[in-house]
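Visitor: What follows is a predicted structure for the sequence shown.
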Amino acid sequence: MGLRTGDEIVVTAMEHHSNIVPWQLVAAQRGAVVRAAPVNDAGELDLEGFRTLLGKRTRMVAVVHLSNALGTINPVKQVAELAHAAGALVLVDGAQSAAHLPIDVQDIGCDFFAFSGHKLFGPTGIGVLWGRESLLDRMPPWQGGGDMIGTVAVEGSTWAPLPAKFEAGTPHIAGAVGLHTAIDFLAGLDQGAVAAHEHDLLAYATERIGSIAGVRLIGTAREKASVLSFTVEGVHPHDLGTVLDADGICIRAGHHCAQPLMRRFGLVATARASFSVYNTRDDVDALAAGVAKAKRLLA
């Protein structure tokens with residue numbers, strides 16, 4: 001990428017910390033600047049605001065495909081077109097989207113696409129980085145060790161061809177086998193039926209939870225996946241999570257590794273319910289009853 005002093009890396013205000021902090025570290029090393037594209041009140045990327053950040057010093061655009069905190073599905077294909085028109089490379093964080101959306105990196109038009117194993121019902125500690133061959137071929141190894149070399153001499157070494165050049169040392173064999181199995185499981189499902197099922201659960205949960213007095217839904221994007229974030233007036237999300245847990249209802253409560261986004265909405269935390277192929281409307285009803293119970297007990 002060849003970052004130099006004054007170059008810019010553009011992210012969005014809804015990124016997971018894992019797509020902000022590494023860029024901050026790179027920027028600090030190279031004298032570059034990280035800028036964040038704004039998010040509107042519905043939790044959608046402000047495309048016009050994003051467009052205004054792109055300039056001749058923009059070198060990289062890193063954008064989340066599906067927000068883990070809001071469920072917003074970003075228009076990554078349009079983002080890639082705008083970024084490329086400005087001469088920038090594009091990395092898409094697909095950690096959430098890989099388990100919920102069909103992924104076609106050629107159609108998206110990105111230069112890099114990354115996702116993690118555990119979001120696909122696979123093992124932790126393993127993931128995938130896809131990159132354009134022409135770019136990966138020009139990049140130096142990020143780590144040295146066994147199996148990433150072509151030849152080694154005291155005077156210097158040559159590197160193995162892709163992808164081995166980036167896979168130093170003994171690979172995470174067990175993790176790779178588990179990730180392969182998880183991908184096969186998901187690929188074997190009827191993707192259209194899965195999408196319809198998750199959309200039904202999201203719509204039902206939005207209606208049921210949103211109708212409870214004192215509940216504020218956070219993130220109402222038009223394009224959205226099966227994530228429902230909300231707050232309950234007078235009840236801290238952590239306390240809500242504790243009450244629900246006692247009834248066998250599992251949610252996530254906190255800032256969801258998205259503190260800039262929480263600040264955008266004037267919050268420190270939300271409660272987040274996520275729905276997948278294994279959930280039913282009965283689960284949504286149980287969640288609604290649990291939220292009402294917590295409100296009676298704590299508000």
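Guide: Good, I have the coordinates.

Visitor: Let me know the secondary structure of the residue nearest to L189 when sequence neighbours are not counted.
Guide: For L189, ignoring the flanking residues on the chain, the nearest one in space by CB to CB, 6 or more residues apart in numbering is V277 at 6.8 Å. The way it works is simple: take the backbone N, C-alpha and C, and place the C-beta from them, glycine included. Secondary structure, DSSP: H, G, I helix; E, B strand; the rest coil: V277 is coil.

Visitor: in the sheet, who's paired with the nearest residue to Q96 once chain neighbours are set aside?
Guide: Excluding the flanking residues, the one nearest Q96 by CB to CB, 6+ apart is L66, at 4.0 Å. Note on L66: beta-bridge partners by DSSP bridges are I73.

Visitor: what residues are up against G94?
Guide: Counting by CB atoms under 8 Å, 6 or more residues apart in numbering, G94 touches 65-66, 103, 113-115.

Visitor: Any buried residues in stretch 250-261, and which?
Guide: Judged by neighbour count (16 or more other CB atoms under 10 Å), stretch 250-261 contains these buried residues: 251-256, 258-261.

Visitor: which residues touch the residue nearest to L189?
Guide: By CB under 8 Å, 6+ apart, the neighbours of V277 are 189, 194, 197-198.

Visitor: Among the residues you listed, which ones are in strands?
Guide: Within those, no residue falls in strands by DSSP state E.

Visitor: Can you add neighbour count and give these back as TSV?
Guide: Output for the contacts of V277, formatted as TSV (neighbours: other CB atoms under 10 Å):
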residue	neighbour count
L189	11
V194	17
H197	19
E198	19
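
Visitor: Farthest pair within these?
Guide: For these, with distances taken as CB to CB, the pair at the greatest spread is L189 and E198 (11.3 Å).

Visitor: I'd like the next helix or strand past the longest helix along the chain.
Guide: Longest helix in the chain, counting residues (DSSP state H): helix 191-210. Beyond helix 191-210 on the C-terminal side, the first helix or strand identified by DSSP states H and E is strand 215-218.

Visitor: Quick check: can you name the pairing partners of that following strand and their directions?
Guide: If you go by DSSP bridges, strand 215-218 pairs up with strand 227-232 (antiparallel).

Visitor: Restricting to C-alpha, output the partner strand in CSV.
Guide: Extracted in CSV, the C-alpha atoms of strand 227-232 (Å, rounded to 0.1, in the frame of the first residue of the first chain):
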residue,chain,number,x,y,z
VAL,A,227,-29.6,-8.2,14.7
LEU,A,228,-31.8,-6.2,17.1
SER,A,229,-30.1,-3.7,19.4
PHE,A,230,-32.1,-1.8,21.9
THR,A,231,-32.1,-0.1,25.3
VAL,A,232,-34.8,-0.1,28.0
